[in-house]
Every structure is written in structure tokens, then in C-alpha cells.
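In: Mind looking at a prediction? Sequence and model below.
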Amino acid sequence: MAFYVIVSLLAISASFVTMMVNDRLSATRQVKTEQASALAQAGFEKAISELRSDYRSNSNWYDGTINGNVVTQGHEAYYDFIPSTNEAKGSFVVTLKNIEGATDKIWIKSVGVVGDSRQTIEAYVTVENPSDWAVKIVMWQKI
């Protein structure tokens, strides 16, 4: 009888330890996902800042330079804009895609990476009011 009690307690203990380990792994995964999301958001905000600054100086996002940086533009695929930026616990990279013939509309994709967690933000932005250089986010999605 004592043998069955001990085996039962061992089984309960093993399941409890397994549950604790799984909870810890899940929490770690969630933290990395949130950190990657924050990095993607930081990259997106940096891109908006750069685009706003560029539009103030030349009112054109389709001329091959953005804020003084030469970019390989295209409207069929994303191109590098802000290369991989390493932060303390991860990195982000921002790419852009032009709208053919549009000088004030562009797609932004920002990817944040922490460990094996990856979060992507994609947005379509346009200039809403050229007199105050307000950038309007027309569509935003987390992929």
C-alpha cells in the first residue's frame, strides 16, 4: 500500500515540475515576443521620423534619397532603409516599398527580433497635410 502512495506522489510531483517548466518556457517566449514587438515599433517610429524629415526638405519619397541616404527604390519589392540595428537584447531592420509614381505615399515594414522571436509591423503611410508635414498612417498591421 505504501508503495502505491509513494508512486502516486512521485507522479503528482513529476507532473507539477513539468507544468512549472512549461509555464516558465511560455513566460520566457512571451517576454521575447513582447520585446521583439517593441523593437519593431521602435524601427517603425524611426522610419516615420526619417520620412517626415525627408519630406520637409524635398517633398518627395520617390527620388532615390530619403533624408540624405541613397536608397535603392522600387515599387515591386521592399528595399533596405534602416539596416539591422542591434539593441541590448535584440535588433530591428526597416525596409520600404514605394508606390509607383507617388511622391508622398510609401509602405514601411519593420521587423523586430529577440532570440528566436520575430515580430513584424507593416504600414502604408502618406502625407496628410504638406503644410505641417503630418504623416498619416493609412493602414497598419502586425504580421
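Out: Great, that's in hand.

In: Partner strands of the strand or helix carrying residue 124 and their direction?
Out: Element membership for residue 124 (DSSP states H and E) is strand 117-129. Using DSSP bridges, the strands paired with strand 117-129 are strand 105-114 (antiparallel), strand 134-142 (antiparallel).

In: And those strands, which one averages the lowest pLDDT?
Out: Of all the strands paired with strand 117-129, mean pLDDT reaches its minimum on strand 134-142 (a mean of 69).

In: Give me the pLDDT for the residue nearest the centre of the chain.
Out: In the chain, the centroid-proximal residue (CA atoms, centre = their mean) is residue 40; its distance is 2.3 Å. pLDDT, residue 40: 93.

In: Could you measure from it over to residue 66?
Out: 19 Å (CB to CB, to the nearest Å). In this view, the C-beta of every residue, glycine as well, is placed from N, C-alpha and C.

In: One more: residue 9?
Out: 66 Å.

In: Determine the three-state secondary structure at the residue nearest to the centre of the chain.
Out: For residue 40, the assignment made with DSSP: H, G, I helix; E, B strand; the rest coil gives helix.
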